[in-house]
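Trainee: Only the shape, not the letters, is given here:
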């Protein structure tokens, strides 16, 4: 039995240059639709936040900076400084 995919329309405001880039990408066939691209991007960010939350539950808080930086290196991301590691963007997931 196929699972029904449910969606809900919402309104998102983005800077004009982002909207123009997305329109250009859609027109050039780089993305199928702006809506699908935004939905996929939001899903990736939600998945990342949920992964970080699970990691924080395991560690009883944010993982040590060296572990975060090892995970970032695997992803091809630059290491974070101690100051950078305190923000929301610091997750390794």
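Mentor: In hand now; what should we look at? Fair warning: this is a prediction, and the values are worked out from it, not measured in the lab.
Trainee: For this protein, which segments count as helices?
Mentor: 16-27, 34-59, 65-74 (DSSP state H).
Trainee: Could you say which of those is packed most deeply?
Mentor: Highest mean neighbour count among the helices of the chain (mean count of other CB atoms under 10 Å): helix 65-74, with a mean of 14. To be clear about C-beta, it is placed using only N, CA and C from the backbone, and glycine gets the same treatment.
Trainee: Sketch out the low-pLDDT regions of the protein for me.
Mentor: 1-3, 86-93 (pLDDT under 70).
Trainee: please redo it, this time with the cut-off set to 90
Mentor: Along the chain, the parts satisfying pLDDT under 90 run over 1-7, 48-49, 51-53, 55-56, 58-65, 67-68, 71-72, 75, 77, 80-93.
Trainee: Centroid-nearest residue for it?
Mentor: For the chain, the residue lying nearest the average C-alpha position, counting by CA atoms, centre = their mean, turns out to be residue 45 (2.7 Å).
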